[in-house]
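[1] coords below, sequence missing:
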């Protein structure tokens, strides 16, 4: 043994070689799929051979012997790189052969490079010479030496990517089982990558670097041995998790940045003095180590880095166009609040696979957040207590729009008060996320998501997508509640107007009855008074019945009983009900124009009500003297013929906007004491006859109502009822 080989180097390399050989043998006893077992055992056995060859370099007494062993080290490295690449493809996969076939293209390319580098490793093109012996020896690279190292860099990066992809596609429970082994394997690959990178930055590889890399490999072997002692290779299989539509590799990004820095240093170092070169390489290694420490030990920094990388360098896990179409398709803002809560539950279940949700809405008066919806199966007691504005959770979410991730509490001390204050609520819901809901800048409420139905944790992209959805959900909830309040206000307004009208009419009837009762004390024995009193009672009862008919007609469907009758008789009945007679009375001229022989199949009672309402409206539209015309015309333009009934006045008229938007709408009227149901009911009667009602009007030019009904269509209605 050379005196230059330190005992600790020798011991570490020897221990790593023995441990890897034992793992290779032991893996064949803890059998899994034959392909996984073969590659796993071969990968660790070749690492044992690599460490044995490195031990030969450390113990070589001459430069020639050291060069021979160094060529073996590089040749075995080429073989190991391909075996580990193949193992990273099939490790923990449920169908190893399918994975191997899918990766066959780049595995074949890597195999070609492996074979070429294996045979070139013993030539001066790769290993020009060895300077020195033992631990201080330096392997000087030939013309193809850096090409060989670049090949190793590419393969090592691919190995790390494959291991990361396996771990990230695994469900949460499997991730917990595999994380230690996968991280250990990645650590071993990174250690080799650092040695190769340092070789690229200089003209050779120091043996001390190779022996130092044995320490992380020993750690990898120890973790792997413990894992094999606990379970077989077949127990490490990763079941199919939720489909992932992309592969986002944080490791590839870090490796890419690392290689870019190396490329820059490779151009810079030759220009530096010799004493500065070591300092630059040392600074690079220290910076890389600090970055790993920050990424591993500071959760907030690691979350920010992962989010930045996923957002800016890779495709997304979600197909955002499809998911946003799902959001727009599922949410119906015009729905009732309770229906909208169910829509949000369905959306969260479909997009995030969440098990349960809870929705708290903010009371605009007290500022408290009260539970308005909880999925089935949740205990009601913890949800009954409102969340006060001074609650740490509310204060935590007040200044941010990002969802709160409860599993991050262990790594973020700032989140502990929010979880501790709401421990019972979080436990009852099984909450994993709590997202603030905003409508613009106004806080609307909170959306709680429980654990997923599948064995998977919420990813960073899940959290980000929920944060993107939250304003849409908040706006929909705000709109639904405002629409409900508006509808309720309109209902109260309509009820108020309806009750005012009814009370006004009843008051008039009661006034007449009260006057009659007052006179009855003095004239009850007078027969003439008795007859007048009976007429008053009959008129009052008739008016109240008419009022009841008008009220019930608003919501009750029209039922027709058509009979063949003269139109002139219909006009006379409507004019009498409206209190009008042909001729001029009090400055108002009323004319009826109708053929005395014209007949039609109509419900005369219902149609008389329509004409009466139109005549009353025409009389009220006159502001002083005027003319009202009631006309009937028989049209023969259509197949069955039509009956045209027109009511024309030269009163004040109406605007086009009022006719278009308000004239036939229930409870819409320009009269101070009107109810606004007469024309709406009239329109329904005309349409029940199969007809139409048309209005022509202009301010100051009068109004014409034209009713068109078929003369024989109504007979079919009668036949249908018979």
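    All right, it came through fine. Model, not experiment: these values are computed from the prediction.
[2] Residue 404 is in contact with residue 397, correct?
    Yes. The pair residue 397 / residue 404 is scored as a contact, 6.3 Å apart, by Cβ atoms under 8 Å. Using the backbone N, CA and C atoms, a C-beta is placed for each residue, glycine as well.
[3] intersection of neighbour lists for those two?
    residue 434 (Cβ atoms under 8 Å, 6 or more residues apart in numbering).
[4] the strands in the stretch 551-700 of the chain, which residues?
    Using DSSP state E, counting those that start in this stretch, the strands assigned to the stretch 551-700 of the chain run over residues 563-566, 583-585, 588-593, 599-602, 626-635, 642-649, 692-697.
[5] looking at those strands, which is buried most?
    Highest mean neighbour count among these (mean count of other Cβ atoms under 10 Å): strand 599-602, with a mean of 23.
[6] just so I know, which of the strands of the stretch 551-700 of the chain lies nearest residue 520?
    Nearest to residue 520, of all those, is strand 583-585, at 33.4 Å by Cβ to Cβ.
[7] Identify the residues contacting the closest one?
    Under the contact criterion Cβ under 8 Å, 6+ apart, strand 583-585 has outside partners 589-590.
[8] what lines up beside it in the sheet?
    Strand pairing for strand 583-585, using DSSP bridges, gives strand 588-593 (antiparallel).
[9] Quick check: residue 71 touching residue 119?
    No. Residue 71 lies out of contact with residue 119 (Cβ under 8 Å); the separation is 10.7 Å.
[10] In terms of neighbours, single out the busier of these two.
    Each of residue 71 and residue 119 has its neighbours counted (other Cβ atoms under 10 Å); residue 71 has more, 21 against 12.
[11] Which pLDDT value goes with the more buried one?
    On pLDDT, residue 71 comes in at 90.
[12] In which helix or strand does it reside?
    Take DSSP states H and E as the rule and residue 71 turns out to sit in helix 63-90.
[13] Equivalent analysis for residue 350, please.
    Using DSSP H and E, residue 350 maps to helix 337-352.
[14] now that helix: mean pLDDT?
    On average, the pLDDT along helix 337-352 is 85.
[15] Output the contacting helices and strands for it.
    Packing partners of helix 337-352 (3 or more Cβ pairs under 8 Å, 6 or more residues apart in numbering; DSSP states H and E): helix 320-330, strand 357-362, strand 369-374, strand 442-450, helix 460-523.
[16] Which residues belonging to that helix are considered buried?
    337, 340-341, 343-345, 347-349, 351-352 (16 or more other Cβ atoms under 10 Å).
[17] and if you look at stretch 17-24?
    Quick answer for stretch 17-24 (16+ other Cβ under 10 Å): 17, 19-21, 23-24.
[18] And stretch 606-618, by the same measure?
    Residues 606-618 are the ones in stretch 606-618 that count as buried (16+ other Cβ under 10 Å).
[19] would TSV of the residues you listed with distance to residue 139 and pLDDT be doable?
    TSV is the format used below for the buried residues of stretch 606-618 (distance: Cβ to Cβ, whole Å; pLDDT from 0 to 100):
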residue	distance to residue 139	pLDDT
606	108	82
607	110	87
608	114	85
609	110	81
610	107	87
611	112	89
612	113	83
613	108	82
614	109	88
615	114	87
616	112	83
617	108	84
618	112	87
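[20] For burial, what's the neighbour tally of residue 573?
    18.
[21] nope, residue 523 is what I was after
    For residue 523, the count of nearby residues is 14 (other Cβ under 10 Å).
[22] Least reliable of the helices and strands packed on helix 337-352 by average pLDDT, please.
    helix 320-330 (a mean of 70).
[23] And the pLDDT at the closest residue to residue 123 other than its chain neighbours?
    The shortest distance from residue 123 to any non-neighbouring residue, by Cβ to Cβ, 6 or more residues apart in numbering, is to residue 142 (7.5 Å). Residue 142 carries a pLDDT value of 86.
[24] try residue 591
    Looking at residue 591, its pLDDT reads 91.
[25] residue contacts, it?
    582, 627-630.
[26] Include distance to residue 420 and pLDDT when you put those residues into JSON lines, please.
    Output for these, formatted as JSON lines (distance: Cβ to Cβ, whole Å; pLDDT from 0 to 100):
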{"residue": "582", "distance to residue 420": "89", "pLDDT": "86"}
{"residue": "627", "distance to residue 420": "84", "pLDDT": "92"}
{"residue": "628", "distance to residue 420": "80", "pLDDT": "92"}
{"residue": "629", "distance to residue 420": "83", "pLDDT": "92"}
{"residue": "630", "distance to residue 420": "82", "pLDDT": "92"}
